[in-house]
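Chemist: Give me a model of this one.
(chains A and B)
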2 protein chains.
Amino acid sequence: MTRATLLTITMPTGAPEAGDPGFVVSDFDAPQVRVTDLAVTRGDGVFETIAVIGGHPQALEPHLARLAHSAALLDLPDPALDVWREAVRAGVADYLTRNGDRDAELYAKLVYSRGVEGSGAPSGWLFVDQGEDFSRARLGIRVVTLDRGLRHDVAETSPWLLAGAKTLSYAVNRTAQREAVRRGADDVLFVSSDGYALEGPTSNVVTLADGVVRTPNTDQGILAGTTQAAVFDFFEQRGLRTEFAPLTLDDVTAADALWLVSSVRQAAPVTHLDGREYPVDAALTAELNAYLLARTE
Amino acid sequence: MTRATLLTITMPTGAPEAGDPGFVVSDFDAPQVRVTDLAVTRGDGVFETIAVIGGHPQALEPHLARLAHSAALLDLPDPALDVWREAVRAGVADYLTRNGDRDAELYAKLVYSRGVEGSGAPSGWLFVDQGEDFSRARLGIRVVTLDRGLRHDVAETSPWLLAGAKTLSYAVNRTAQREAVRRGADDVLFVSSDGYALEGPTSNVVTLADGVVRTPNTDQGILAGTTQAAVFDFFEQRGLRTEFAPLTLDDVTAADALWLVSSVRQAAPVTHLDGREYPVDAALTAELNAYLLARTE
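Modeler: Next up is the predicted model:
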């Protein structure tokens, strides 16, 4: 059995002294978080999940940039990205030294919290572990649309609603995924209260229609997708046009193909969206996933 | 310095063996939560905060009932309320034994989580500690309205949005409170996207207008208020009519007086709502708070 690596980020906002990397190895199987940490009591923090393939953390810089962006939306102090970057590398190295198995699909999960209430000191940690087996999801998933309740423009009108921040307050996302299972599906596409396709609970949506590859504008309170960017690269290399655009639910329904894309599952082709069935180009999706899994930066 | 009491709920869903109460005293100052507990990674759990005055947990049964209601909204197993009830009493007794000071205003915070990811076993804990000094807030607070982004009826149309559940995913509530401070205020009144007054991030709103005391219907995705119920009792004993009603923002603005009421701060009279100033009947509010603090059940 493999054993996860846990690092406590002792200096999440930086300024470690010479010789101190700002993180230490901790016992993954032991409790490490106080009950008054605001991550626990209020979901008051941010996170990133990074795929690690062949020992390489994928899209590390975009993930770190997004961690900092999410932190800013929550008025958290800027995370010291040099510390976090080295911690990811050290965590992966430690995991591989102890477990071997460089070919396994791993992930690194970074959590940056406002810290123990009243302390004024943010807390942080990251762990590296083996991911689930997503080989089946990469062949096809059934998706249902669910109302996200918010207008598509709340990120601009009401920034305190934190649309576009990857926070630890994901109870709604989890509940939506259970609702999908209850409806006989695997995943969710959230739709704004004014009819725009937004994103999945832990993924971005990418459509292919008339030879153009599209994803919703990120100014609609949608998390900028690190994997979605690589999906665009893949299609551009094949000569297709890509664009960010407001996508109505009708646009999505009318598309020729769609995928939910995310960092660890990579690209999951949608076979069904509510009642609508989509033919899946299995060879194309396999090539796309091979491209995504081969990324080394 | 007082020392908080922490109890780990070893049997949050019940069935402890004879002689085992289902909870144990833990070290409040030591980490007790694993980094993979879903309370930490997803805010995937529920909580209650109960005022403890003169050694009595206030409105204990309504709080326990609301814990169970929130858990049901998240599809969590039913909490074993007998275990949680006894844990509250034991936690308060332990705190008072170690710290004395029966006259201090304490609180008990109960957290019920989906547990460590993959374990299938919920986790839970509660701690008892001294509360902040809210004497100033009980004299008056400045409040701003903020858009909650959701229609007033989402609890019925879109239950996966968890309106009306007291979850650990409170990052939006915390961010809204920081936005209030940024605007020179103390607290927030959330307004639905269709113009209804909802609640504060951690309180219910109560209005007094033309001799009638009102609070918004809880079928509008509003947490049923344990303190709000006692506030209604107070006014009914004084011969005023009380009612649950849909309240538009205009209704609130036109009221003669309003309060934000919650379990630990009790009743905070609103002196300003956005630009509007309200005269505060200091004697009435003092009587109201004396009534609330004197509750022994």
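
Chemist: From now on I want contacts and neighbour counts done on CA atoms only, so please keep to that.
Modeler: Will do.

Chemist: Would you mind measuring from residue A:23 to residue A:295?
Modeler: 27 Å (Cα to Cα, to the nearest Å).

Chemist: Could you check which of those two is surrounded by more residues?
Modeler: Shown here are residue A:23 and residue A:295; by other Cα atoms under 10 Å in any protein chain shown, residue A:23 has more neighbours (22 against 15).

Chemist: With adjacent residues omitted, what lies nearest to that one?
Modeler: Using Cα to Cα, 6 or more residues apart in numbering or on different chains and skipping residues adjacent in sequence, the residue nearest residue A:23 is residue A:9, 4.2 Å away.

Chemist: Relative to residue A:58, how far out is that neighbour?
Modeler: Applying Cα to Cα, the value for residue A:9 to residue A:58 is 20 Å.

Chemist: Also residue A:33?
Modeler: Residue A:33 is 27 Å from residue A:58, by Cα to Cα.

Chemist: Run a quick neighbour tally on the closest residue to residue A:219 other than its chain neighbours.
Modeler: Closest residue to residue A:219 apart from its sequence neighbours, by Cα to Cα, 6+ apart: residue A:155 at 7.0 Å. Neighbour count for residue A:155, taken as other Cα under 10 Å: 20.

Chemist: Can you name the helix or strand that residue A:155 falls in?
Modeler: Here residue A:155 sits within helix A:154-157, counting by DSSP states H and E.

Chemist: Same question for residue A:133.
Modeler: Residue A:133 is part of no helix or strand, with elements assigned from DSSP H and E.

Chemist: That one: how many residues sit nearby?
Modeler: Per other Cα under 10 Å, the neighbour tally for residue A:133 reads 12.

Chemist: Which of the three states applies to whichever residue of the stretch 151-297 of chain A sits closest to chain B?
Modeler: Closest residue of the stretch 151-297 of chain A to chain B, Cα to the nearest Cα: residue A:169 (3.9 Å). Of the three states, residue A:169 takes coil according to DSSP: H, G, I helix; E, B strand; the rest coil.

Chemist: Return the residues in contact with it.
Modeler: Counting by Cα atoms under 8 Å, 6 or more residues apart in numbering or on different chains, residue A:169 touches A:42, A:43, A:44, A:45, B:42, B:43, B:44, B:168, B:169, B:170, B:171.

Chemist: now with 10 Å?
Modeler: Residue A:169 makes contact with A:39-40, A:42-46, B:39-44, B:167-172, according to Cα atoms under 10 Å, 6 or more residues apart in numbering or on different chains.

Chemist: Which parts of the stretch 1-150 of chain A are helices?
Modeler: Listed in chain order, the helices of the stretch 1-150 of chain A (DSSP state H, counting those that start in this stretch) span residues A:38-42, A:60-73, A:81-99.

Chemist: Could you work out which of those helices reaches nearest to residue A:193?
Modeler: Closest to residue A:193 of the helices of the stretch 1-150 of chain A, according to Cα to Cα: helix A:60-73, at 22.4 Å.

Chemist: what residues go with each domain of chain A?
Modeler: Domain assignment for chain A by automatic domain parsing gives A:5-130, A:141-293.

Chemist: Pipe those domains into CSV and attach mean pLDDT per row.
Modeler: Below are those laid out as CSV (pLDDT from 0 to 100):
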stretch, mean pLDDT
domain A:5-130, 95
domain A:141-293, 95
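
Chemist: Check the gap between the residue nearest to residue A:219 and residue A:210 for me.
Modeler: Relative to residue A:210, residue A:155 is positioned 30 Å away (Cα to Cα).

Chemist: same question, residue A:34
Modeler: Counting by Cα to Cα, the separation of residue A:34 from residue A:210 is 53 Å.

Chemist: quick one, which of these two is more surrounded?
Modeler: residue A:34 (21 against 10).

Chemist: Now for the more buried one: which residues touch it?
Modeler: Counting by Cα under 10 Å, 6+ apart, residue A:34 makes contact with A:40-41, A:115-117, B:27-34.

Chemist: again with residue A:175
Modeler: For residue A:175, the contact set (Cα under 10 Å, 6+ apart) comprises A:181, A:201, B:44, B:73, B:74, B:75, B:159, B:160, B:161, B:162.

Chemist: Tell me the buried residues within the residues you listed.
Modeler: By neighbour count, with 16 or more other Cα atoms under 10 Å in any protein chain shown, those hold A:181, A:201, B:44, B:73, B:74, B:159, B:160, B:161, B:162 as buried.

Chemist: would JSON lines of those with distance to residue A:223 be doable?
Modeler: Below are those laid out as JSON lines (distance: Cα to Cα, whole Å):
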{"residue": "A:181", "distance to residue A:223": "23"}
{"residue": "A:201", "distance to residue A:223": "10"}
{"residue": "B:44", "distance to residue A:223": "20"}
{"residue": "B:73", "distance to residue A:223": "26"}
{"residue": "B:74", "distance to residue A:223": "24"}
{"residue": "B:159", "distance to residue A:223": "23"}
{"residue": "B:160", "distance to residue A:223": "20"}
{"residue": "B:161", "distance to residue A:223": "18"}
{"residue": "B:162", "distance to residue A:223": "21"}
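
Chemist: nearest to residue A:280, of those residues?
Modeler: Of all the buried ones among the contacts of residue A:175, residue A:181 has the smallest distance to residue A:280: 21.2 Å, by Cα to Cα.

Chemist: Would you confirm that that closest one contacts residue A:188?
Modeler: Yes: using Cα atoms under 10 Å, residue A:181 is in contact with residue A:188, at 9.3 Å.

Chemist: list residues touching both of those two?
Modeler: Shared contacts of residue A:181 and residue A:188, defined by Cα under 10 Å, 6+ apart, comprise A:142, A:143, A:144.

Chemist: quick one: which of the residues you listed has the most company?
Modeler: For those, the largest number of neighbours (other Cα under 10 Å) sits with residue A:143, at 26 neighbours.

Chemist: show me what contacts that one?
Modeler: Counted by Cα under 10 Å, 6+ apart, residue A:143 has contacts A:177, A:180-181, A:183-189, A:200, A:260, A:269-276.

Chemist: Which of those fall within helices?
Modeler: A:177, A:180, A:181 (DSSP state H).

Chemist: near chain B, which of those residues show up?
Modeler: Counting by Cα under 10 Å from any Cα of the partner chain, residue A:177 from those sit close to chain B.

Chemist: Rebuild the ones in helices among the contacts of residue A:143 as TSV, extending it with distance to residue B:3.
Modeler: Listed next are the ones in helices among the contacts of residue A:143 as TSV, based on distance: Cα to Cα, whole Å:
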residue	distance to residue B:3
A:177	40
A:180	45
A:181	45
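
Chemist: count of residues packed around residue A:228?
Modeler: Residues lying near residue A:228 (other Cα under 10 Å) number 24.

Chemist: For it, which non-adjacent residue is closest in space?
Modeler: Counting by Cα to Cα, 6+ apart, residue A:261 is the residue found nearest to residue A:228 once chain neighbours are left out, at 6.2 Å.

Chemist: now residue A:183
Modeler: Nearest residue to residue A:183, sequence neighbours excluded (Cα to Cα, 6+ apart): residue A:144, at 7.8 Å.
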